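[1] have a look at this prediction, sequence included:
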Amino acid sequence: MSRFFSEKYSALTPYTPGEQPRAESPLVKLNTNESPYPPSPSALAYAREHTRSLNLYSDPTCRELVELAAEVWDVAPEELLFTNGSDEILNFAFMAFCDAGRGAAFPDISYGFYPVFAQLNGVPYMEVPLEQDSFRIRPEDYFGLGRTIFIANPNAPTGLLLSVGEIESILRANPDNVVVVDEAYIDFGGSSCVPLIHRYDNLLVTQTFSKSRSMAGARLGLGLGSPGLIRDLNTIKYSTNPYNINSMTLALGIGTLLDRDYTCRCCKAVSENRDWTAAQLRQRGFTVLDSAANFLFAKTERMEGGALYEALKNRGVLVRHFDKPRITRYNRITIGTRAQSMALLDALDWILPKEGSV
Ligand SMILES: *Cc1c(COP(=O)(O)O)cnc(C)c1O
């Protein structure tokens, strides 16, 4: 820290992103939940042809993308907002809907950015413990907290999904507080809460093009909610960076929404491979939580989580280990192609030979 750093940030611990090895690295990359597939060829062609001249600012209203997305998500254009990745809209939500007097609440095991955004914005926060052993979110724990609630659904890194009815119970029990439902992984098999935005003016749903739409590097996320919430978020956006979506990403986003069939096929391939990989891990004695996302959260009694992470890395497979007390035995494994899963299983069979096969 330099002697010039603002005192209000002196205690801030920034988010630690998953490792991004160099492009030429031979590592099998299963650590940050990206799609193994590139954007669709037609989306890339669309972006090449339709990117607005780069000497001009991008469209701050994202008009074309917003109009198309409103049709795709079946909402009004006033009910959605695009941001630079969904991390940006989550930060905007902490800025817009929390303050020193109105704190935040989120699960003790969830997306690691929530506590960082809370600290960044001087928001007091409460970490609500997941149910012991099952790691489930208990909706009742969030009833009437008098705080802005952040819930990832499916949750990360567990992959466990709440039903729309369970989310609705949280909305009903908190009519005077915003409930943010982070649906970064909803396209891999869960039911979205977006239709509820028409009935609950306290619901903000966030989604992203990073996971299911193969655009992690292009940075595009969105929020869906009642026009009042979206107006507030726009106030924050226009007070920080009106051109938060660059013209290349805008065009690629449109191209991607014009080829939804491709997105569907990619998600289907990933979810099928997830279920296959989970079965393979269970056959090898792993405990694997029931994931509705594009990753698995798994542990084995035969090796500590951090040691397994290291051993896998030495065998060329990169996964994610979180050194937090309740989950230190686990690793989070991104689901990519079948070939990537086979490389993972080969490495595991080398590290932990099948019992009786030595
Ligand atoms: C990946 C992720 C995000 C954000 O991704 P962006 O790339 O910023 O859109 C948000 N929430 C959760 C739970 C995630 O895992």
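    Looks like it came in fine. Everything numeric here is computed off the predicted structure, so don't read it as measured data.
[2] for the ligand, what are the nearby residues on the stretch 201-350 of the chain?
    208, 210, 216, 221 (Cβ under 6 Å from any ligand atom). Every C-beta, even on glycine, is put in place using the N, C-alpha and C of the backbone.
[3] which ones among these lie within strands?
    Among those, the subset assigned to strands under DSSP state E consists of 208, 221.
[4] just the buried ones from the residues of the stretch 201-350 of the chain next to the ligand?
    208, 210, 216, 221 (16 or more other Cβ atoms under 10 Å).
[5] residue ranges for the helices of this protein, please.
    Under the criterion DSSP state H, the chain contains helices at 41-50, 63-73, 85-97, 113-120, 164-172, 227-240, 247-258, 260-283, 305-314, 338-351.
[6] let me know which of these is tucked in deepest.
    The densest packing among those, expressed as mean neighbour count by mean count of other Cβ atoms under 10 Å, is seen in helix 85-97 with a mean of 24.
[7] quick revisit: hmm, which two among the residues of the stretch 201-350 of the chain next to the ligand are most spread apart?
    Checked with Cβ to Cβ, these reach their widest spread between 216 and 221, with 10.6 Å between them.
[8] mind showing which ranges of this protein have poor pLDDT?
    Scanning the chain for pLDDT under 70 picks out 356-358.
[9] can you rerun that using 50?
    Nowhere does the chain drop to pLDDT under 50.
[10] and stretch 127-134, which residues are buried?
    By neighbour count on 16+ other Cβ under 10 Å, the buried set for stretch 127-134 is 128, 130.
[11] regarding it, how distant is the last residue from the first?
    The stretch stretch 127-134 measures 17 Å between its terminal residues, going by Cα to Cα, to the nearest Å.
[12] hmm, who's touching that stretch?
    The list of residues contacting stretch 127-134 from outside it, by Cβ atoms under 8 Å, 6 or more residues apart in numbering, reads 105-109, 115, 136-138, 141-142, 155, 158, 326.
[13] pull the contacting residues for the closest residue to residue 191 other than its chain neighbours.
    Computed as Cβ to Cβ, 6 or more residues apart in numbering, the closest residue to residue 191 that is not its neighbour in sequence is residue 164, at 5.1 Å. Each residue near residue 164 by Cβ under 8 Å, 6+ apart is listed here: 191, 192, 193, 196.
[14] residue 164 and the ligand, how far apart?
    Distance, residue 164 to the ligand, by Cβ to the nearest ligand atom, to the nearest Å: 18 Å.
[15] can you name the residue of the stretch 251-358 of the chain nearest the ligand?
    When distances are taken as Cβ to the nearest ligand atom, the stretch 251-358 of the chain reaches nearest to the ligand at residue 293, 8.2 Å away.
[16] any chance of the helices of the chain in CSV, plus distance to residue 202?
    Listed next are these as CSV, based on distance: least, Cβ to Cβ, whole Å:
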stretch, distance to residue 202
helix 41-50, 34
helix 63-73, 19
helix 85-97, 9
helix 113-120, 18
helix 164-172, 6
helix 227-240, 8
helix 247-258, 27
helix 260-283, 29
helix 305-314, 37
helix 338-351, 40
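[17] and the contacts of residue 164, which are buried?
    Neighbour counting by 16+ other Cβ under 10 Å classes 191, 192, 193, 196 among those as buried.
[18] what's the most distant pair in the residues you listed?
    Across the buried ones among the contacts of residue 164, the two members that end up farthest from each other (Cβ to Cβ) are 191 and 196, 10.5 Å apart.
[19] now for residue 216 and residue 221: what residues contact both?
    With contacts taken as Cβ under 8 Å, 6+ apart, the residues that reach both residue 216 and residue 221 are residue 210.
[20] how long is stretch 256-263 end to end?
    Taking Cα to Cα, stretch 256-263 runs 8 Å from one end to the other.
[21] now flag whichever of the contacts of stretch 127-134 is closest to the ligand.
    Within the contacts of stretch 127-134, the smallest distance to the ligand is 7.7 Å, found for residue 155 (Cβ to the nearest ligand atom).
[22] give the contact list for the residue nearest to residue 78 when sequence neighbours are not counted.
    Closest residue to residue 78 in three dimensions, ignoring its sequence neighbours and counting by Cβ to Cβ, 6+ apart: residue 227, at 4.2 Å. When the contact criterion is Cβ under 8 Å, 6+ apart, the partners of residue 227 are 76, 78, 79.
[23] quick one: which of those has the most company?
    Neighbour count (other Cβ atoms under 10 Å) singles out residue 79 as the most crowded of the contacts of residue 227, with 22 neighbours.
[24] dead centre of the chain: give me the residue that sits there.
    Per Cα atoms, centre = their mean, the C-alpha nearest to the average position across the chain is that of residue 184, at 3.7 Å.
[25] next one: it from residue 312, what distance?
    Counting by Cβ to Cβ, to the nearest Å, the gap between residue 184 and residue 312 amounts to 24 Å.
[26] could you measure from the residue in the stretch 1-150 of the chain positioned nearest to the ligand over to residue 206?
    Taking Cβ to the nearest ligand atom as the measure, the point where the stretch 1-150 of the chain comes nearest the ligand is residue 85, at 2.9 Å. Separation of residue 85 from residue 206 (Cβ to Cβ) stands at 10 Å.
[27] overlap in contacts of those two?
    residue 221.
[28] before we move on, back to that, JSON lines please, covering the buried ones among the residues of the stretch 201-350 of the chain next to the ligand and showing distance to residue 89.
    Shown next, in JSON lines, are those (distance: Cβ to Cβ, whole Å):
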{"residue": "208", "distance to residue 89": "9"}
{"residue": "210", "distance to residue 89": "12"}
{"residue": "216", "distance to residue 89": "16"}
{"residue": "221", "distance to residue 89": "5"}
